[in-house]
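K.L.:
Okay, sequence plus prediction incoming.
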Amino acid sequence: MMLTELSNLAGTDSGALEGYNFAFLDEFTKREIRRKILKAVAIPGYQVPFGSREMPLAKGWGTGGLQITLSIIGKSDVLKVIDQGSDESVNAVNIRNLVSRMTGVGTTSDTGRATIIQTRHRIPEEPLTGDQIAVLQVPFPEPLRTIEPSEQVTRRMHAEHDYSGMWLHLYEDIVKHGKITIGARYPCLVNGRHLMDPSPIPRWDVPRLHKSPVIHLFCAGREKRIYAIPPHTAVEPLEFEDYRFETEDFGGKVCERCGSSDTFLDEIIDDATGNARYICSDTSFCEKRQRGEDV
Amino acid sequence: MNPAPALEVNNLTKIYGSGCRKCIENTGPDHSRNVCPVCGSVVACADITFDVMPGEILGIVGESGSGKSTIVRCLHFDMEPTGGAAYLRCSGNDSGNENIFLLNSQRKRAVRNLHLGMVYQNPQMGLRLDVTAGGNIAEKLLAAGWQNVEKIRDRGGKLLKRTEIPLERMDEAPRNFSGGMQQRVQIAKALANDPDVLLLDELTTGLDVSVQARILDLIKEIRRSTNAAMILITHDLGVIKLLSERTIVLKDGRIVEMGLTDQILEDPQHEYTQLLVNSVL
Amino acid sequence: MHVLGGKEIKGFEDVSFSVKRGEFLAIIGSSGSGKSSLLKCMYRTYLADSGSMLYRRDSDNTIDLTTASDHEILRLRRNEIGYVSQLLQAVPRTIALDVIAEPLLQRGIGIDDARDAASGYLSRLRILEDLWDAYPSTFSGGERQRVNIARALIRAPRLLLLDEPTSALDPASTAVVVEMLRAVNHGTTMIGIFHDLSVVRELADRVVVMKDNRMVGIGTPEEIVGDRGD
């Protein structure tokens, strides 16, 4: 009874593949994941364990993000999937195709048009708005794992707001290297309370999480954890008074395609010449700039 | 007019095992055992009551297994006592009138980081041997909310200088240090936040005599220059004689005698203390 | 200040006397007569089995030294009651200057001021300045005992207990010590055990005689010692 009702709500008559429930997951699974998302939103940055399902995708290839997307997507949504800023990587294309076939919803590479953006390792350059949802794939949800192997202990550390071990890790980094060397996965304090792994986004993207109008949902399928940054929530990278958090510096390089100097650039070494070339990591944004659109 | 004790401990009891009603009455120095014959539980210590004044060194002596370490481990929240209470009455401690054993774990951690310092017999327990010496001190400061690397290093350097660790070894891991040096790093770490109570558990046991002497001198210097109350656990009456003004003698988990150190050594009242004193002198 | 009725210790029994503020009381008697036990009970190194020892403070309140808490005794030792043993208890690895300065440091006086005061005592004691930063364990018996007494006097105690302070000294050193004790200001009450009757004659206002663990007499030096030789 319940199942039928929920199915009807979601709808299955819109071009989705026959023989499957809308959005692949059964309704009970979606409900479990939605509940866990609610809990994650209620406790910003806290990792909520959930019953991660087997997906038609290898673990570690975005099964967490996929489960979130499939649980929240509705018929009127428009989906964008990127992998390290690119809509056209194999992984992004396959996830996009899978969701599209299982729901019949439209897809786009245009950041501005998408209602749900599932992403791996990047946040789009184009500023997101409050009516969009960002879904981030997460390989390692536990920011404290680098300093503490035991899950029991890291949970206690979160519960007691005991992050001196992570601060010590940063201190030692500074002592040994003269600066903090963490690149991606820079630990951030969310809402002044929980330390969070922002997923392997570059430091470049970290400040854009701070007080963002967008809801960011994080999910690690293999590690079975969901966490979230609700809109307008403080996200502060750990930093010392005299050793500040810094984003990547490209030394004045510009994108050789669109000429941007204010975007995160990929360095590509030309095999033939050995020279480095720089292009925008966010391909959709880069194309918009090339077309002269105002972004 | 009389200063208040920095630490008050009332009826501290620690029992390993299920425990039964007969545990306490069936163990202790009168029975020469600490294992309850009824239920087999180990009464590590029971009915331990004492206080320590600011600036005072209280010695606790007793042979291995007498429950000395259990007392300081309970006070440092390394283990949970079975019963009893402890009150830390020092300035800046908002839980001065609360039994610290009943605080939640987050507040216990705050008490430990801000008001207590601990030096273990085994440096491995008090130090992260693969983190730099400066980092080990920094950990305590970071836990107390220090956010400035330069200030942390300045404080760490001063503490290391005070404990006679060459400054150039500040950024080296204590794993490479000698036992005596490791112990001095532990002391520097314990002093990081100017603790109100310093717990010293057999801090010179197993060290060469000359190394021992330097560490004991360091403790004397700390007594002079701080107002920390210290609890000094040792089985070495020589250490007690040198450092502590008052002494507790422990046997089978109970206090058999408590008094001025010179009285304990020269006019011991309990049979066991007499044996202990005569074995040494 | 009164010391009343110590009882039933193997060391001594039924000892009752009182000492006035500023008075110098000598205790004499043969070895094993219980003199030292009596003195150690006053300092609480020994615990008395019965009786009381009433110590009157400046504030006029009276403390029973046999029953006062350990904390109270420690406070008295730090501020009011000093003890000089037969020999300096060696303080390892501490130079003479700091051995004497230590009681002041314990009271929270800065190291420079404490050392200043200590060096004053050392010069008055005629200890060569070369020795000030040497370890007292290397000193002669006489020098060591002078350090010992200076260490007690630097606290300016109200009550000073002296346990045979001159017994190990040669005549010259004894003379220095006697001179020191005579110079102590009159606010300090002293109770001292002496063997040397000439010292007793020189220092004491009154004398207690112990024999076989009992007190057998009390009086002025003239009454007790007369002009007996040593």
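P.N.:
Done, it's in.

K.L.:
contacts and neighbour counts: CA atoms only from here.
P.N.:
Will do.

K.L.:
How about the secondary structure of residue A:216?
P.N.:
strand (DSSP: H, G, I helix; E, B strand; the rest coil).

K.L.:
For it, give me its contacts.
P.N.:
Remark: with contacts taken as Cα atoms under 8 Å, 6 or more residues apart in numbering or on different chains, residue A:216 is in contact with A:133-136, A:228-231.

K.L.:
do residue C:144 as well
P.N.:
By Cα under 8 Å, 6+ apart, residue C:144 lies in contact with C:87-88, C:136-137.

K.L.:
now those residues: which count as buried?
P.N.:
In those, burial by neighbour count holds for C:87-88, C:136-137, counting by 16 or more other Cα atoms under 10 Å in any protein chain shown.

K.L.:
Check the contacts of residue A:216 and tell me the two furthest apart.
P.N.:
Pairwise distances across these peak at 14.8 Å for A:136 and A:231 (criterion: Cα to Cα).

K.L.:
Which one (most neighbours) among the contacts of residue A:216?
P.N.:
Across the contacts of residue A:216, neighbour numbers were computed from other Cα atoms under 10 Å in any protein chain shown; residue A:136 holds the maximum, 31 neighbours.

K.L.:
contacting residues for that one?
P.N.:
With contacts taken as Cα under 8 Å, 6+ apart, residue A:136 has the following neighbours: A:65, A:118-121, A:199, A:216-219.

K.L.:
now the helices for the chain?
P.N.:
Assuming you mean chain A. For chain A, the helices defined by DSSP state H cover A:2-10, A:27-42, A:63-72, A:90-103, A:151-159, A:164-177, A:283-290.

K.L.:
oops, chain C please
P.N.:
Counting by DSSP H, the segments of chain C that form helices are C:35-43, C:70-79, C:96-106, C:111-124, C:141-153, C:171-183, C:197-203, C:221-224.

K.L.:
How about the stretch 151-281 of chain B?
P.N.:
Under the criterion DSSP state H, counting those that start in this stretch, helices of the stretch 151-281 of chain B are mapped to B:179-191, B:209-225, B:237-243, B:261-266, B:271-280.

K.L.:
and of those helices, who's closest to residue B:44?
P.N.:
Once the helices of the stretch 151-281 of chain B are compared by Cα to Cα, helix B:271-280 is nearest, at 17.8 Å.

K.L.:
Give me the distance between the residue lying farthest from the centre of chain B and chain A.
P.N.:
Most distant residue from the mean C-alpha position of chain B: residue B:38, 31.8 Å away (Cα atoms, centre = their mean). For residue B:38, the distance to chain A under the criterion Cα to the nearest Cα, to the nearest Å works out to 35 Å.

K.L.:
Next, the contact list for that residue, please.
P.N.:
With contacts defined as Cα under 8 Å, 6+ apart, the neighbours of residue B:38 are B:20, B:22-23.

K.L.:
Phi first, then psi, for the closest residue to chain A within chain C.
P.N.:
Minimum separation of chain C from chain A (Cα to the nearest Cα) falls at residue C:108, amounting to 34.8 Å. Here is the backbone geometry of residue C:108 (degrees, to the nearest 10): phi 90, psi 10.

K.L.:
Neighbours of it, how many?
P.N.:
Tallying neighbours of residue C:108 according to other Cα under 10 Å, which is how burial is gauged here, yields 14.

K.L.:
show me the contacts for the closest residue to it other than its chain neighbours.
P.N.:
The spatial neighbour of residue C:108 that comes closest, neighbours along the chain excluded (Cα to Cα, 6 or more residues apart in numbering or on different chains), is residue B:224 at 7.5 Å. With contacts defined as Cα under 8 Å, 6+ apart, the neighbours of residue B:224 are B:55, C:105-106, C:108.

K.L.:
tell me how far the ends of stretch A:44-53 are from each other?
P.N.:
Distances were taken as Cα to Cα, to the nearest Å; on that basis the terminal residues of stretch A:44-53 are 23 Å apart.

K.L.:
buried set for that stretch?
P.N.:
For stretch A:44-53, a neighbour-count test (16+ other Cα under 10 Å) marks A:44-50, A:52 as buried.

K.L.:
Same check on stretch A:108-123?
P.N.:
Going by 16+ other Cα under 10 Å, stretch A:108-123 has these buried residues: A:108-112, A:114-123.

K.L.:
Please save the CA atoms from it in CSV.
P.N.:
Once non-C-alpha atoms are left out, stretch A:108-123 reads as follows in CSV (Å, rounded to 0.1, in the frame of the first residue of the first chain):
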residue,chain,number,x,y,z
THR,A,108,22.4,19.6,-18.7
SER,A,109,26.0,20.7,-18.6
ASP,A,110,24.9,24.3,-17.9
THR,A,111,25.5,24.9,-14.2
GLY,A,112,22.9,27.7,-14.1
ARG,A,113,20.1,25.4,-15.5
ALA,A,114,20.7,22.4,-13.3
THR,A,115,18.6,21.8,-10.1
ILE,A,116,20.8,19.0,-8.9
ILE,A,117,24.6,19.0,-9.4
GLN,A,118,26.4,15.7,-8.6
THR,A,119,30.1,16.3,-8.5
ARG,A,120,33.4,14.7,-7.8
HIS,A,121,36.4,16.7,-6.6
ARG,A,122,35.1,20.1,-7.7
ILE,A,123,32.5,22.8,-7.0
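
K.L.:
What's the local residue count around residue 178?
P.N.:
If you meant another chain, say so; for now it's chain A. Around residue A:178 sit 11 other residues, with neighbours defined as other Cα under 10 Å.

K.L.:
um, chain B though
P.N.:
One way to gauge burial is a neighbour count; for residue B:178, by other Cα under 10 Å, it gives 11.

K.L.:
same thing with residue B:30?
P.N.:
12.

K.L.:
Just to be sure, it is in a helix?
P.N.:
No. Using three-state DSSP, the secondary structure at residue B:30 is coil, not a helix.

K.L.:
what separates it from chain C, distance-wise?
P.N.:
Looking at residue B:30 against chain C, where the rule is Cα to the nearest Cα, the gap reads 23 Å.

K.L.:
Residue C:82 versus that residue, what's the distance?
P.N.:
When distance is defined by Cα to Cα, residue B:30 is 38 Å away from residue C:82.

K.L.:
Give me the pLDDT value at whichever residue of the stretch 101-250 of chain B sits closest to chain C.
P.N.:
Residue nearest to chain C within the stretch 101-250 of chain B: residue B:224 (6.1 Å; Cα to the nearest Cα). According to the per-residue confidence, residue B:224 scores 85 in pLDDT.

K.L.:
just the one 5 residues further on next, same as before
P.N.:
At residue B:229, the predicted lDDT confidence score is 96.

K.L.:
now swap in residue C:11 and tell me
P.N.:
59.

K.L.:
Tell me, how many residues neighbour residue B:26?
P.N.:
18.

K.L.:
wait, isn't residue B:235 in contact with residue B:59?
P.N.:
No. Applying Cα atoms under 8 Å, one finds residue B:235 not in contact with residue B:59, separated by 9.7 Å.

K.L.:
hang on, the earlier thing: want to try JSON lines for the buried ones among the contacts of residue C:144, with distance to residue C:148 as columns?
P.N.:
Below are the buried ones among the contacts of residue C:144 laid out as JSON lines (distance: Cα to Cα, whole Å):
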{"residue": "C:87", "distance to residue C:148": "7"}
{"residue": "C:88", "distance to residue C:148": "5"}
{"residue": "C:136", "distance to residue C:148": "9"}
{"residue": "C:137", "distance to residue C:148": "12"}
